[in-house]
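>>> Sequence first, predicted model second:
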Amino acid sequence: MNFDLTEERQMLQDSLRRFLRDNQEALRASTRLGNAENSLGFDAGIWTKLAELGVIGALFSEEEGGFAGAGFDLTTVFEELGRAGAVEPLLDTAILGGGLIAALGNDAQKELVEQVIGGEVHLALAHGEPNSRYDLAQVETTAKAEGDDIILTGRKAVVINAEAADYLIVSARESGATGDEEGISLFLVPRDSAGLTLRGYALLAGGRAAEVDLDGLRLSANARLGTSGAAYAALKRASNRAEVALAAETLGAMEAATEMTREYLLTRQQFGRPIGSFQALQHRMATLLIELEQARSAVINAAGHLETSAEEQALQISAARNLVGRAGRLVAEESIQLHGGIAMTEEYELAHIAKRIVMADHRFGDTDTQLERFIDQSAA
Amino acid sequence: MNFDLTEERQMLQDSLRRFLRDNQEALRASTRLGNAENSLGFDAGIWTKLAELGVIGALFSEEEGGFAGAGFDLTTVFEELGRAGAVEPLLDTAILGGGLIAALGNDAQKELVEQVIGGEVHLALAHGEPNSRYDLAQVETTAKAEGDDIILTGRKAVVINAEAADYLIVSARESGATGDEEGISLFLVPRDSAGLTLRGYALLAGGRAAEVDLDGLRLSANARLGTSGAAYAALKRASNRAEVALAAETLGAMEAATEMTREYLLTRQQFGRPIGSFQALQHRMATLLIELEQARSAVINAAGHLETSAEEQALQISAARNLVGRAGRLVAEESIQLHGGIAMTEEYELAHIAKRIVMADHRFGDTDTQLERFIDQSAA
Amino acid sequence: MDLNYSVEEQAFRAEVQEFLAQKLPKEMSEAIRLGRELGKEGHEKWHAILNEQGWLAPNWPQEFGGCEWNAVQRHIFEEECCRAHAPRIVPFGLAMLAPVLQKFGSKAQQDHYLPRILSGEDWWCQGYSEPGAGSDLASLKTRAVREGDHYVVNGQKTWTTLGQHANWIFCLVRTDPDAKQQSGISFLLIDMDTPGIEVRPIILLDGTHEVNEVWFTDVKVPVENLVGEENKGWTYAKYLLTHERTNIAGVGFSRAGLDAVKRMASSQMHRGKPLSENAHFAARVARAEIDLMAMSTTNLRIISRAAAGQAPGVESSMLKVKGTEIRQEINDLARRAAGAYAMPFVSEALEGANEPDMGPEGSAAAAPQYFNNRKLSIFGGSNEVQKNIIAKVKLGGGA
Amino acid sequence: MDLNYSVEEQAFRAEVQEFLAQKLPKEMSEAIRLGRELGKEGHEKWHAILNEQGWLAPNWPQEFGGCEWNAVQRHIFEEECCRAHAPRIVPFGLAMLAPVLQKFGSKAQQDHYLPRILSGEDWWCQGYSEPGAGSDLASLKTRAVREGDHYVVNGQKTWTTLGQHANWIFCLVRTDPDAKQQSGISFLLIDMDTPGIEVRPIILLDGTHEVNEVWFTDVKVPVENLVGEENKGWTYAKYLLTHERTNIAGVGFSRAGLDAVKRMASSQMHRGKPLSENAHFAARVARAEIDLMAMSTTNLRIISRAAAGQAPGVESSMLKVKGTEIRQEINDLARRAAGAYAMPFVSEALEGANEPDMGPEGSAAAAPQYFNNRKLSIFGGSNEVQKNIIAKVKLGGGA
């Protein structure tokens, strides 16, 4: 048993933390609602530097062309991104997009992974649909063979990083009924393909997404990633990794929120003394710190089980995301409340951090959905 | 709209409150665990005086031989009983037992209601069973006709006031399957009947109950209350009235608990000042007072709808008991916590009050069961 | 004890319903239902409709052109307006300043300002809060120095709601810098067109421009714009704050919000069933509804006492806390119901443009409202301050 | 980062499991599993079994006959004992007094008392708390006045756990009445057979006799029973309190409790299905389990640091709060699961008599344990005191 970071991860953490601190202003500028509406949704310069720092490579195994890629590598990176409130789409381009190509792609397709690690290519996973909610197998979009071609028809919902992506990885059903795990395929689709329409918008917590319409989009069959209809397992694995990363990002954001709140309580004066001297607020701060430690342990559990059996993985991930969801809501709401009005303003960093924490609950399954999954898994 | 008590109810409240205060010591003596093991479970002298005061009569309508009996009469009486931590079985003898006889009995049987109001007779409802949990229709005990006789066979669980009761009102199935509303009958069974065995015990929150074994108990068919197999509606009505009374009793106990806690915070000194001057405790006290008002309103809603449609009644009762269950747990636990060790001792009044609050959750359906009922009723 | 409304009250409710059915414009109720912003014109239009009916000032005495409704009537009116998704009445002139003028203003001030509030000629905003003061209102620093026939005002106000629409502001200013805290404060009426006033927008965390900073640099205010006596402003301010507390429970908002949540949850499939039938979600909704049913009765208890002439005590602090907790919980439920479609920041949808549908009805506003309404427990006397008040009343007895 | 136990640790765990399988008497684990009281003889019997194995004193240095296990080993031992429903080791002599004697006691005291603790000859109890002191331990009033070769002790201790079984008590007494608070306190060992000592039972709200008042009237204590120096007792007391904090999280208890809840819920039908499959109940169980999984890792993080020689900081206060919250929540779940059968007060069932079954297995102890374990957040430094400590460390930096 050992809860210390390895030397490599410690170095990664230190250099990433330093980089993000030094580039605070650029990071923050890219997260503001006003800016996000008129841009990629993130800062392209920072992206390049993250690649240079090896941050993207750390999310992939050596086999995949990176140099790390284990659960604790993901959490090390994403905890730092969360602390800094970064909206850079590492989850979408690297963990989901890159991860899926690495898992399913042929040699030609896998060259994209190298480019992802180099920071040259952006990806987006176009998987969720207007009616799929948080169900990974709920795919209505169809892929129909026409000779050597494939025709994609359907709509993809809230596709994060779609506008910046060079390629979209589109899920579509080749066989089976909506809701079947069997029959789902993934296709590598250039963003500028005919028959693909994006309606882009900013996200409340920073970054951008789009509604993606697939209107009889025609592809060569070799745009398929892997075998026909057999993509579910890879999707599940990628989303598991993304959930661990997201939980760690939220943990980092919770750290930032509690730290800002702690400092605010120490400096803010009211009724002639620092408000941190009011016992009611002290006890609430203590509760936040306790829940923060709970969240940290939950993330460690999930990361540490990312390479274990499917059942144990599922149990630990749903546990972590449920706990982080509950504790995160508490930390976000209490941090705002303990700050008062100032935290209600768009330009105050905590407001952004709180949005990151709360809105993370809307990806891959919210707190209650995670609880349901945990219950199912426990009963299984 | 009017939220004041009528003059009659105000008088009832005043006289009952005064009586209970004046008889505090006798009331408390009868509630202690040690005493409850060696007695009726309550104070017989107090029972007689409650009858003389008209408290029992206030729980019945004029038609039934009483002089009040509406929802707000029940809550007026039981709120006071709750404040005083009284364990006297008014719920069992009067609301359940007397109420069922008044609803279903023939003229001869109804004479018992008069005796109940006079304080001369005690009753117990032997309805719940080891497997019935909180389901009113779940009756496995059978009643089989043999000529003009009826043979009862089965087991009744946690029958409150059984040992003190002159008669048990026993539910048994004459037709239908376990769980059917149709087919349940009620029988008036003298406590000393052959074939009826009681295994008595004290209750943690005061009073006594028994496991009742019915081993081929033979009764004349005219011991039946009402028509064969048609008792469910009356059982439902009686249990609705009992739930409103119980919610009011718990409200009264919550009032007592918050008041004791408030006084304790004002007088108890620690670190050189009254602990009520610590802001963290002040805010928690404020939360208790807020929840107390919520509970009061919920009880008013339930009582005020006791004479309305079955649907509205069910909705309001499940709402009230869910809210009182949640708020009650908070008040009980926080009152003990704010008192510290002293409230952990059997002889301290708050300990008894806290037990009354929490254990009420185990009659007729706990907090979660009430929530389920509310959801079902809302969807209906 | 009687939970039923009297025959007169029921008739009044029917009258309000009838009025709303006929006069509330459909596009207006639609916008409110979907959580869109109404804009200045929308509010002015609704005020004009109410004014024509004579119902713009429910709480004003009849001598000033108000309805002089009692607390129960006002409650019925508010309840029906919420149910019909009518816009709220902008309170700054009508519900906040007017009672102060009616009680403490000069005849001239009453004659001049009150009709202009009803007619919509003046849009008032509030100059109470200052940066760094928070709940400690009495620590205000904006100075007003008497120079001949004028006060010269310097300082800064903040959290000025809808100040961008206002042409007048009522302000608390410090006129005696040597007096302690609550003494030495005066209540001034200031024309926003006076030179030296600058309004700067504050964008809230949900992207809305709802509040502002108002800066005063050597702003000259005629002495006749002083309300009541100099240095007695704190008395008037407290009186105003009491009146601000009307509809503090927000029962109508919560009820409308809960209906919206249920609609959205019915339309969203979750694991093969509508989300509304999911046990975990249904449990959250049911708890919120049960809490709301009880609070609604607590509210009525207080209203009924107020209608009988009794002043509300510490109960209004209790209502404030519970009312905001319930509203915030309902906002949280809406956010959950919206699923992934809670994430987009679609400012166009909020402002009423004709974007094609995205996500279930109401989803665009769900998360912004969740964040925006965190203010409910902060502004208007934070929930912590309310708990201090409760504790002071209930535990203030000393040892 | 590595969540796995080392090969050595896994071997150690297997050894503990083997020992428990062979040596823990069935009737003893059965009693613990059902929440029954073990009685003095039961505890003494289990201590003797452990002592024979050499495992009675996991935390003692080997020179005194202890195991000198590190924090991880102790954790594994406790975890396996809980899983096997072994009785807890009565801590007063072994875990509380012994570390003080080992660090501050004289050679004579060590030689005399430590072997008697292991052999079971002495049963110690604790004389710390006093009536009216609560969490303010340093305000103690019990006086010890030196008269020749003796101290004469007068005063009263309370909450003395299992004092009814004890023949010795270690006490904090005030030896210098003029010194401030924490100064002037001494640490005395007192034979319970000394004239002038009276033990009075305190019956707790669940009917159990677990704690006592101990009254001292002119009790003569030989001066050689003073530990360390006169008036330095507070130092030793604080040292003891640090050691009392072992296993503060109660992970093992919670895990066993959660298993019991699941068993009971599986056996109870609710609306035609086992209660364990009811969504509302399952949600409560799942949340408790998720919290426990996380806290268990927090606990291991601290243990692993302790095993590496780092002193636990404010984290042990965090563990205390969260650990007691989780245990109390699990007790609440057990009470709910028991349904109507939570109501009976069946003292015989708790004490192990052969009453026929009543209610589901474990239901008799459910509500009593729920009430009894309210103490977890009160005693041993209340959760409020723990939060004060956390705030002091984290917010103590001043403005």
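Structure's in. What do you need?

>>> Show me the contact partners of stretch C:11-28.
Outside stretch C:11-28, the residues that touch it by C-beta atoms under 8 Å, 6 or more residues apart in numbering or on different chains are C:5, C:38, C:42, C:45-46, C:49, C:53, C:55, C:73, C:76-77, C:80-81, C:84-87. (C-beta placed from N, C-alpha, C; glycine too.)

>>> change it to 7 Å
C:42, C:46, C:49, C:53, C:73, C:76, C:77, C:80, C:81, C:84, C:86, C:87 (C-beta atoms under 7 Å, 6 or more residues apart in numbering or on different chains).

>>> residues of that stretch that come out buried?
Applying a neighbour-count criterion of 16 or more other C-beta atoms under 10 Å in any protein chain shown, one finds C:12, C:13, C:16, C:19, C:20, C:24, C:28 buried in stretch C:11-28.

>>> quick one: that stretch to chain centroid distance?
Between the centre of stretch C:11-28 and the centre of its chain there are 21 Å (C-alpha atoms, centre = their mean, to the nearest Å).

>>> picking up where we left off before, rebuild the contacts of stretch C:11-28 as CSV, extending it with distance to residue A:255, secondary structure and neighbour count.
As requested, those are exported to CSV (distance: C-beta to C-beta, whole Å; DSSP: H, G, I helix; E, B strand; the rest coil; neighbours: other C-beta atoms under 10 Å in any protein chain shown):
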residue, distance to residue A:255, secondary structure, neighbour count
C:42, 43, helix, 18
C:46, 46, helix, 23
C:49, 51, helix, 18
C:53, 55, helix, 13
C:73, 52, helix, 19
C:76, 49, helix, 21
C:77, 48, helix, 23
C:80, 48, helix, 21
C:81, 44, helix, 24
C:84, 46, coil, 19
C:86, 44, coil, 24
C:87, 42, coil, 20
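
>>> which of these lies closest to residue D:214?
For the contacts of stretch C:11-28, the minimum distance to residue D:214 (C-beta to C-beta) is 65.5 Å, reached by residue C:76.

>>> quick one, what contacts that closest one?
C:9, C:12, C:13, C:16.

>>> separation between whichever residue of the stretch 101-250 of chain C sits closest to chain D and chain A?
Nearest to chain D, among the residues of the stretch 101-250 of chain C, is residue C:132, at 14.2 Å (C-beta to the nearest C-beta). Residue C:132 sits 8 Å away from chain A, going by C-beta to the nearest C-beta, to the nearest Å.

>>> returning to that earlier point: so which of the contacts of residue C:76 are in helices?
In this view, the contacts of residue C:76 that belong to helices under DSSP state H are C:9, C:12, C:13, C:16.

>>> could you dump the residues you listed to JSON lines with pLDDT?
Shown next, in JSON lines, are these (pLDDT from 0 to 100):
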{"residue": "C:9", "pLDDT": "95"}
{"residue": "C:12", "pLDDT": "97"}
{"residue": "C:13", "pLDDT": "97"}
{"residue": "C:16", "pLDDT": "98"}
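
>>> Let me know the closest of the residues you listed to residue B:218.
Taking C-beta to C-beta as the measure, residue B:218 lies nearest residue C:9 of the ones in helices among the contacts of residue C:76, at 59.6 Å.

>>> The closest one touches residue C:74, doesn't it?
No. Using C-beta atoms under 7 Å, residue C:9 makes no contact with residue C:74, being 11.5 Å away.

>>> what's the neighbour count on residue A:379?
10 (other C-beta atoms under 10 Å in any protein chain shown).

>>> Now do the contacts for it.
Applying C-beta under 7 Å, 6+ apart to residue A:379 gives no contacts.

>>> Now do the helix ranked longest in chain A, average pLDDT.
The helix that spans the most residues within chain A, counting by DSSP H, is helix A:232-267. What helix A:232-267 shows for mean pLDDT is 97.

>>> Stretch A:6-17 now?
96.

>>> buried residues in that stretch?
Using 16+ other C-beta under 10 Å as the test for burial, stretch A:6-17 gives A:6, A:9, A:12, A:16.

>>> cool, and stretch A:279-295?
Neighbour-count burial for stretch A:279-295, counted by 16+ other C-beta under 10 Å, picks out A:279-295.

>>> Same question for stretch C:178-190.
C:184, C:185, C:186, C:187, C:188, C:189, C:190.

>>> Just those residues: which are in strands?
Taking DSSP state E, the ones among the buried residues of stretch C:178-190 that sit in strands are C:185, C:186, C:187, C:188, C:189, C:190.

>>> Among those, which one sits closest to residue B:255?
residue C:185 (40.6 Å).

>>> how about residue C:282, secondary structure?
Recorded secondary structure, residue C:282: helix (DSSP: H, G, I helix; E, B strand; the rest coil).

>>> That one against residue B:375, yeah?
Yes. Counting by C-beta under 7 Å, residue C:282 sits close enough to residue B:375 to count as a contact (4.9 Å).

>>> Who has more neighbours out of the two?
More crowded of residue C:282 and residue B:375, by other C-beta under 10 Å: residue C:282, with 23 against 20.

>>> Distance check, that one against chain D.
Remark: distance between residue C:282 and chain D (C-beta to the nearest C-beta) = 9 Å.

>>> What residues does the stretch 251-399 of chain C have near chain B?
Residues of the stretch 251-399 of chain C lying close to chain B (C-beta under 7 Å from any C-beta of the partner chain) are C:282-283, C:286-287, C:290-291, C:293-295, C:297-298, C:300-301, C:304, C:315, C:318, C:321-322, C:387, C:390-391, C:394-395, C:397, C:399.

>>> swap the cut-off to 6 Å and go again
With C-beta under 6 Å from any C-beta of the partner chain as the criterion, the stretch 251-399 of chain C meets chain B at residues C:282-283, C:286, C:290, C:293-294, C:297-298, C:301, C:304, C:318, C:321-322, C:387, C:390-391, C:395, C:397, C:399.

>>> Can you list which of these are found in helices?
Within these, residues falling in helices by DSSP H are C:282-283, C:286, C:290, C:293-294, C:297-298, C:301, C:304, C:318, C:321-322, C:387, C:390-391, C:395.

>>> I'd like to know which of these are buried.
Buried members of those, counted by 16+ other C-beta under 10 Å: C:282-283, C:286, C:290, C:293-294, C:297-298, C:301, C:304, C:318, C:321-322, C:387, C:390-391, C:395.

>>> so residue A:344 sits right up against residue C:206, yeah?
No. Residue A:344 sits out of contact with residue C:206 when judged by C-beta atoms under 6 Å, with a separation of 8.9 Å.

>>> now, which of the ones in strands among the buried residues of stretch C:178-190 sits nearest chain A?
Nearest member of these to chain A, counting by C-beta to the nearest C-beta, is residue C:185, at 16.9 Å.

>>> OK, contacts around the closest one?
Residue C:185 makes contact with C:172, C:174, C:233, C:234, according to C-beta atoms under 6 Å, 6 or more residues apart in numbering or on different chains.

>>> So for stretch A:350-358, mean pLDDT?
Here the average pLDDT along stretch A:350-358 is 97.

>>> Next one: residue A:269 from residue C:172, what distance?
20 Å (C-beta to C-beta, to the nearest Å).

>>> what bits of chain C have low per-residue confidence?
Within chain C, the ranges that satisfy pLDDT under 70 run C:134-137, C:243-246, C:348-357, C:397-399.

>>> With adjacent residues omitted, what lies nearest to residue C:152?
Spatial nearest neighbour of residue C:152, excluding adjacent residues (C-beta to C-beta, 6 or more residues apart in numbering or on different chains): residue C:145 at 5.0 Å.

>>> quick one: the helix or strand that residue C:217 is a member of near chain A?
Per DSSP states H and E: residue C:217 is located in strand C:209-222. No. Strand C:209-222 does not reach chain A (C-beta under 6 Å from any C-beta); its nearest approach is 8.4 Å.

>>> Just checking: what are the partner strands of that strand?
Sheet pairing for strand C:209-222, assigned by DSSP bridges, gives strand C:150-157 (antiparallel), strand C:197-203 (antiparallel).
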